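Peer 1: After the sequence you'll find the predicted model.
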Amino acid sequence: MTSGLLLAAAGSIAFSGKAIIVKLGYRHGVDAVTLLMYRMLFALPMFLLMAWWAGRGKPALTRRDWLGVVGLGFSGYYLSSFLDFWGLEYITASLERLILYLNPTLVLVLGWVLFRKKISYRQGVAMAISYSGVLLVFGHEVSLAGTHVALGAFLVFSSAVTYALYLTYSGQLVQRLGSLRLAGLATSVACFFCLLQFVLLRPLDTALVPEPVLWLSVLNATACTALPVLLVMMAIERIGPGLTAQTGMIGPMSTISMGVWLLGEPFNAWIIAGTGLVVSGVFWVTRPAGRTS
C-alpha cells in the first residue's frame, strides 16, 4: 500500500512539473510549436520502447486497432498537448493545472452527452464546486493580467476536453491492447504529428534554439512525460485506479508550489480558495458512491 501511494504521488508531482518547464522554456523566446516538437522528439524513443515492451508476445494490431490508435493519439496526446502548450503562453502554471484537474468532471459530462449516463445529485454539486474554484482563480488572474488570460484558459480547457474524449473512447482498445501498450502506441503517433506540425508550420532553421531549451525539453520528455506514465501504471497495479486518482490531488498543489518558487507566480488567498474548491469538488466527483469511510 505504501509503495503504491508513493508511486502515485511521485507520478502526480512529475506530471505537474511539465507546465513549469514549459513556462521556463518560453523565457528563451521559443514558441509552443517548437517547444512541443522537442519534447516529443526526445520522448519518442521511450514511447516506442514502451509500446514494444508491452506488446511482446501479443497479437498484432488489426486495421481497426490502428485506426483507433491513430485517432486517440491525435486527440488525446497531440491535440491535447498542443492546446495545453499554447495556452501556457497566456496563463500561469497554477491556473493551467487547476483547469486540467477538471478532467474527471469532463469525462462525466461526456458520458452523459454521448451515452446518456446519469450524473447523480452529489456529482452535480461537486462539479459546481470545482468549476466555481476555477472561475475564482480565473477572475483574479484576468484582473491582474488582462483579457488574453481568457484565450489561454479557453485553450487549456479545450486541451482538457480533447483528453477527456481520449479517456471516454479508449475503453475498448484498453481492454484489447492493454493500457501501457495503448499509451505507448498513441503517444508515438502523437510524436509523429508534433514533428510533422513543426515541419509544415516553421522554417527548419527555427530548430536552432538556445541550449537551455534543449535541456529543458529533455527533462520534460523524461521526468515529466515518460516516467510519470510508468509510475502511475505501477501505482494502479498496487492500489487500484480509484486511490491512484485521489492521490493525484497532490498535483495542483505541487504545480502551485513550483510556480511560486521557480517562476515567481503569485500565491494569495484567491489561489488558496480556488484550489481548495477544485480539489474538494473533484474528490467528491471521483469518490465511489455509498462510501462512508
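Peer 2: Noted; the coordinates are in hand. This is a predicted model, so every value here is computed, not measured. Residues are numbered from 1 along each chain as shown.
Peer 1: ok, now how distant is L6 from P252?
Peer 2: Here L6 is placed at a distance of 19 Å from P252 (CB to CB, to the nearest Å). To be clear about C-beta, it is placed using only N, CA and C from the backbone, and glycine gets the same treatment.
Peer 1: Which one of those two is surrounded by more residues?
Peer 2: Counted by other CB atoms under 10 Å, L6 and P252 do not tie: P252 has more neighbours, with 26 against 14.
Peer 1: quick one: contacts for that one?
Peer 2: Counting by CB atoms under 8 Å, 6 or more residues apart in numbering, P252 touches 16, 94, 97-98, 101, 275, 278-279.
Peer 1: which non-adjacent residue is nearest it?
Peer 2: Sequence neighbours aside, R97 is the residue nearest to P252 in space, at 4.9 Å (criterion: CB to CB, 6 or more residues apart in numbering).
Peer 1: Please name every helix or strand in contact with the one helix or strand in the chain whose mean pLDDT sits lowest.
Peer 2: Across the helices and strands of the chain, mean confidence by mean pLDDT, DSSP states H and E is lowest for helix 227-247: a mean of 75. Identification of packing neighbours for helix 227-247 by 3 or more CB pairs under 8 Å, 6 or more residues apart in numbering; DSSP states H and E yields helix 2-26, helix 179-201, helix 269-286.
Peer 1: Run through who's touching the last one.
Peer 2: Residues lying outside helix 269-286 but in contact with it, judged by CB under 8 Å, 6+ apart, are 94, 98, 101-102, 104-105, 108, 122-123, 125-134, 136-137, 140, 242, 245-246, 249, 252-253, 256.
Peer 1: Just the buried subset of the residues you listed, please.
Peer 2: Applying 16 or more other CB atoms under 10 Å to these, the neighbour count classes 94, 98, 101-102, 104-105, 108, 123, 126-127, 129-131, 133-134, 136-137, 140, 245-246, 249, 252-253, 256 as buried.
Peer 1: got any ranges where the stretch 101-250 of the chain has weak pLDDT?
Peer 2: 240-242, 245 (pLDDT under 70).
Peer 1: if we can go back for a sec, for the residue nearest to P252, list the residues it contacts.
Peer 2: Neighbours of R97 in contact, by CB under 8 Å, 6+ apart: 16, 19, 251-252, 255-256.
Peer 1: Just the pLDDT for the nearest residue to C224 once chain neighbours are set aside.
Peer 2: Excluding the flanking residues, the one nearest C224 by CB to CB, 6+ apart is K18, at 4.1 Å. Reported pLDDT at K18 in the predicted model: 93.
Peer 1: wait, isn't K18 in contact with A221?
Peer 2: No: the criterion here is CB atoms under 8 Å, and K18 misses it with A221 at 9.9 Å.
Peer 1: What is the burial count for M1?
Peer 2: 8.
Peer 1: State the distance from it to V161.
Peer 2: Counting by CB to CB - M1 and V161 are separated by 34 Å.
Peer 1: can you check Y78 too?
Peer 2: Where V161 is concerned, Y78 sits at a distance of 14 Å (CB to CB).
Peer 1: More neighbours: which of the two?
Peer 2: Y78 (24 against 19).
Peer 1: quick one: contacts for that one?
Peer 2: Contacts of Y78 (CB under 8 Å, 6+ apart): 189-190, 193-194, 197.
Peer 1: what's the spacing between the residue positioned nearest the centre of the chain and A269?
Peer 2: By CA atoms, centre = their mean, the chain has its centre lying nearest to L100, at 6.4 Å. From L100 over to A269 the distance is 22 Å, taken as CB to CB.
Peer 1: if we can go back for a sec, please identify which of the contacts of P252 is nearest to R56.
Peer 2: S16 (31.5 Å; CB to CB).
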